[in-house]
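Provided below for reference: sequence and predicted model.
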Amino acid sequence: MKLSLLFVLVILSTLLIKTYAETEQVELFGELFGCGHACGGSCACDSECNSNNPCGVSKCVNGKCSTTTIPCPSMKCGGKGTCNPKDGKCYYDQSSDNCCSDNNACTIDDFDSCKGCSNKPRVCDDRNPCTFDSCSNSTGCTYTPIPGCCSENCDCDDKNDCTEDNCYGGKCSNRPITGCCSSDSQCNRGSACTIDRCVKGKCVISPKSCSTNGNKCVTSSCDNTYGCVTKPISCNDNNACTYDSCSNSTGCTNTPIPGCCSENCDCDDNNSCTSDSCQNGKCVFTPIKNCCSGDNQCSTGNKCSNDRCVRNKCVSTPIFGCCSGDNECSDGNKCTTDRCVNNKCTYTPSYCNPLACGASGRCNPFDGQCDYTPDKDFEKCCEDGNKCTTSKWDGRKGCTHVPKSCNDNNACTYDSCSNSTGCTNTPIPGCCTEDCNCDDKNPCTNDSCFNGKCQNKPNGLCCSGNGDCQDGDECTIDTCVAGRCQHAKMNCDDGLRCTNDKCVAGKCVYTCKDCDDY
C-alpha cells in the first residue's frame, strides 16, 4: 500500500516539473512581449486555456493550450479508478466480492464506489433482555442466556405438563397444577371398559372397542368387571313359517317353509276376486261375492245395458234410447201412451171426447185429464130447473148440479129444501143453542142452555130486604137494591189533611199525621 502511494507521488512530481518548465518559458515570453503576443501561438497565459474539464489541468505551453488529465490514485479493491468529467470525482469498481474482507467476524465489510473498502463494527443486539450480547473476531455475535431471566411465559417452559409456567417481573414461576397427572396409573378408574391415559397432564378416558372378530352370529359388549364379552344373537323372526339358522360368515337366515302360512299376507294367490286368509297354518282362498275379473262375467241379459267389469265390480251403463219395458219409456206427459216396442219407446197421444153445451176438450200433460172450455151460454145450457141444486161448470166434467146446503148453522131450526121453492129453515119450539137464548129477565136465576133446552135455576144472589145482605164486615153498608145486595164501604173521610181516617169495628177512627211536611 505504501509503495503504491510513493509511486503515484513520483509520477505526479515529474509531470509538475515538466509543466512548470514549459510555463516558465511562456511567462518569460509574455513578460517580454505581453499576453496574446506569443509568436505564432494561440495563447500567451494559462488563464486563456480554460477547458472546463474538472478531470484535467489546462496550461499554455509554447503558445498552445495543453490539458493534462489528473490520474485517480490507486485504491484497494478498486484499481486506479476513473474520473467523472461531470463532477471531477474518481469512481472505482470492486475487483472481487471478498477483496474488502478484514477476516474479522465483528465487522461488516462493504465497498463504496467513491471511498472504496470500509469495515464498520457489527452491532450484536438481539433486543432480548434475557441474553448477554458479545462478539468474537473469529465467530461473530454471541447471545448468551442470562440464567433465571424471562421476558414472556414461553421462556419458562420446564417441560413439566403438571406445572403452570409464567413470567413475572423477569423471573419464572412454575406452579403445580391441581388435578394434573404425570402417569397413566393416576387416571385408572377401575373399569375394564375404558382405556385410561395421561396425555399432557390431563386424564383422557376412551371407551374400549370390543370386536366380534368377524363372527356375525354373536354380539360383542363390554362388562366393567370382565371386559369384552360376546353373546349369541337371536335369529328368531317370530315367523312360524320360516326355519331360523345362523352362519358365522353371513349371519341369520330365515328360510321359508313350503306351504306354511302365519298371516293372511302369506297367502296371496294374485286373484283379486278371492279373499286370501291363513287358517291353522294353511292358506284358504274364498271367492268374493259379486266380484268380477272380466266383462264376460257381468252380462245381465239386458239388451239395453252396456255391461262392464270395472275394478272387480260389474257396472251396467244404460244404452241411450234403448228400452226393455214400457216403464222405461215415461216421457212425463200424462197425455201420451208410453210403450216400448222392439227396444224403442213410442208415444201415442190421447184425445178428449166432446161434452154437452158445445164444450171442446184438451188433455192436460201434467195429470192426463181433459180440460174443457164451455161455449158462451153454458149457464143456460147447464140449468136443470131444480132450486135445490146449484148448476156449475166443471173444467173436467162439464155441467154439474151440486145439491144446495140449507144448513143455517142453527140447531134450533129444521132445515129442508123444495125443488120448486128452495131452502126452508123452520124454528123448533123450546130449543136453544146458547145461554143467551134462555134469558128469563129474572136477576135471581142463572140462565143456561143444556142439551138444546133452557134451564133457569135460582142463583142465591137475590134479596127482599137489607137484612138479606149482611156480609159480616162491620165497615160496609149492606143494602138490597132491586133484589140485588150492594156492599158499599163506610166513608170515614173527615176532610182534614192532618188525620189518618180508618174504619175500625164499624166506627170511624181518626189519628193525627206527622204534619212536618205540610
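Yes, it's here.

For this structure, which segments count as helices?
Counting by DSSP state H, the chain has helices at residues 2-33, 378-382.

Mind telling me which of those helices the model trusts least?
Of all the helices of the chain, helix 2-33 carries the lowest average pLDDT, namely a mean of 42.

and residue 59, how many neighbours does it have?
Using other CB atoms under 10 Å, residue 59 has 19 neighbouring residues. Every residue, glycine included, has its C-beta placed from N, CA and C.

Okay, and the beta partners of it?
Judged by DSSP bridges, the bridge partners of residue 59 are residue 66.

Would you check how far apart it and residue 393 are?
In this view, residue 59 and residue 393 are 176 Å apart by CB to CB, to the nearest Å.

just residue 315 next, same as before
Remark: distance between residue 315 and residue 393 (CB to CB) = 56 Å.

Comparing these two, which shows the higher neighbour count?
Neighbours of residue 315 and residue 393, each counted by other CB under 10 Å, are more numerous for residue 393; the result is 17 against 14.

wouldn't the more buried one be in contact with residue 374 here?
Yes: if you go by CB atoms under 8 Å, residue 393 and residue 374 touch, sitting 5.2 Å apart.

Now for the closest residue to residue 504 other than its chain neighbours, how many residues are close by?
Excluding its sequence neighbours, the residue lying closest to residue 504 (CB to CB, 6 or more residues apart in numbering) is residue 475, at 7.8 Å. Other residues lying near residue 475 total 14 when counted by other CB under 10 Å.

Next: residue 238.
For residue 238, the neighbour count with other CB under 10 Å is 9.

Read off the pLDDT value for it.
Looking at residue 238, its pLDDT reads 86.

Show me the strands in the stretch 401-518 of the chain, by range?
Along the stretch 401-518 of the chain, the stretches classed as strands by DSSP state E, counting those that start in this stretch are 413-418, 422-427, 445-450, 453-458, 476-481, 484-489, 499-504, 507-512.

cool, the stretch 51-200 of the chain as well?
56-61, 64-69, 82-83, 90-91, 107-112, 116-121, 131-136, 140-145, 163-168, 171-176, 194-199.

Nearest to residue 101, out of these?
Closest to residue 101 of these is strand 107-112 (CB to CB; 5.0 Å).

and that closest one, what does it pack onto?
Packing contacts for strand 107-112, counted by 3 or more CB pairs under 8 Å, 6 or more residues apart in numbering; DSSP states H and E, involve strand 116-121.

Buried ones in the strand it packs on, by neighbour count?
Using 16 or more other CB atoms under 10 Å as the test for burial, strand 116-121 gives 116, 117.

Same question for stretch 216-230.
217, 222.

got a list of contacts for it?
In this structure, residues lying in contact with stretch 216-230 by CB atoms under 8 Å, 6 or more residues apart in numbering are 191-193, 207-208, 210-212, 215, 231-233, 246-252.

same thing but at 10 Å, please
Under the criterion CB atoms under 10 Å, 6 or more residues apart in numbering, residues 189-194, 207-213, 215, 231-235, 245-252 lie in contact with stretch 216-230.

again with stretch 279-291
The contact list for stretch 279-291 (CB under 10 Å, 6+ apart) reads 240-241, 257, 259-262, 264, 266-269, 271-278, 297-298, 309, 312-314.

tell me the most buried of the strands of the stretch 51-200 of the chain?
Each of the strands of the stretch 51-200 of the chain was scored by mean neighbour count; the highest is strand 56-61, a mean of 19, by mean count of other CB atoms under 10 Å.

Just the C-alphas of that strand, formatted as PDB.
Presented in PDB, the C-alpha positions along strand 56-61 are these (Å, rounded to 0.1, in the frame of the first residue of the first chain):
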ATOM      1  CA  GLY A  56      -7.700  17.800 -16.100                       C
ATOM      2  CA  VAL A  57      -5.300  20.800 -15.800                       C
ATOM      3  CA  SER A  58      -5.000  23.200 -18.800                       C
ATOM      4  CA  LYS A  59      -1.700  25.100 -19.400                       C
ATOM      5  CA  CYS A  60      -0.400  27.400 -22.100                       C
ATOM      6  CA  VAL A  61       2.700  25.500 -23.400                       C
END
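
can I see the domain layout of this protein?
Domain assignment for the chain by automatic domain parsing gives 2-71, 466-517.

Between these, which has the poorest mean confidence score?
Mean pLDDT is lowest for domain 2-71 among the domains of the chain, at a mean of 60.

How many residues are close by the closest residue to residue 146 other than its chain neighbours?
Of all residues not flanking residue 146 in the chain, residue 130 sits nearest, at 5.2 Å (CB to CB, 6+ apart). Neighbour count of residue 130, defined by other CB under 10 Å: 17.

Does residue 130 touch residue 170 like I think?
Yes: assessed by CB atoms under 10 Å, residue 130 is found in contact with residue 170 at 7.5 Å.

Give the intersection of the neighbour lists for these two.
Common neighbours of residue 130 and residue 170, using CB under 10 Å, 6+ apart, are 146, 148, 149, 150, 151, 155.

got a winner among those for most neighbours?
For the shared contacts of residue 130 and residue 170, the largest neighbour count, defined by other CB under 10 Å, is 21 neighbours, found at residue 150.

pLDDT at the spatially closest residue to it that is not a sequence neighbour, what is it?
Leaving aside its chain neighbours, residue 150 sits nearest to residue 167 (3.9 Å; criterion: CB to CB, 6+ apart). pLDDT for residue 167: 90.

Just list the residues touching residue 167, thanks.
Contacts for residue 167 (CB under 10 Å, 6+ apart) come out as 130, 149, 150, 151, 152, 153, 154, 155, 156, 173.

I figured the last one hits residue 150, correct?
Spelled out, that is residue 173. Yes: counting by CB under 10 Å, residue 150 is a contact partner of residue 173 at 9.1 Å.

Need the overlap of contacts for the two.
Taking CB under 10 Å, 6+ apart as the criterion, residue 173 and residue 150 both touch 156, 165, 166, 167.

could you dump those residues to TSV with distance to residue 446?
Shown next, in TSV, are the shared contacts of residue 173 and residue 150 (distance: CB to CB, whole Å):
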residue	distance to residue 446
156	136
165	133
166	131
167	135
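
farthest pair in those residues?
Using CB to CB, the shared contacts of residue 173 and residue 150 reach their maximum pairwise distance at 165 and 167, which is 8.1 Å.

what touches both of those two?
150, 153, 154, 155, 156, 173.

Burial check on residue 323, number of neighbours?
The local packing of residue 323 (other CB under 10 Å) involves 21 other residues.

Now for the nearest residue to it once chain neighbours are set aside: which residues touch it?
Beyond its immediate neighbours in the sequence, the residue positioned closest to residue 323 (CB to CB, 6+ apart) is residue 340, lying 3.9 Å away. Residue 340 makes contact with 304, 322, 323, 324, 325, 326, 327, 328, 329, 346, according to CB under 10 Å, 6+ apart.

Now do the contacts for the nearest residue to the first one once chain neighbours are set aside.
What it means is residue 304. Nearest residue to residue 304, sequence neighbours excluded (CB to CB, 6+ apart): residue 322, at 3.6 Å. Residue 322 sits next to 302, 303, 304, 305, 306, 328, 340, 343, 344, 345 when contact means CB under 10 Å, 6+ apart.

show me what contacts the second one?
Residue 303 makes contact with 319, 322, 323, 324, 343, according to CB under 10 Å, 6+ apart.

ok, back up a step: only the buried subset of the contacts of stretch 279-291, as a PyMOL command please.
Buried residues among the contacts of stretch 279-291 (16+ other CB under 10 Å), as a PyMOL selection:
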select buried, resi 241+260+261+266+267+273+274+276+278+298+309+314
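
Thank you kindly, that will do.
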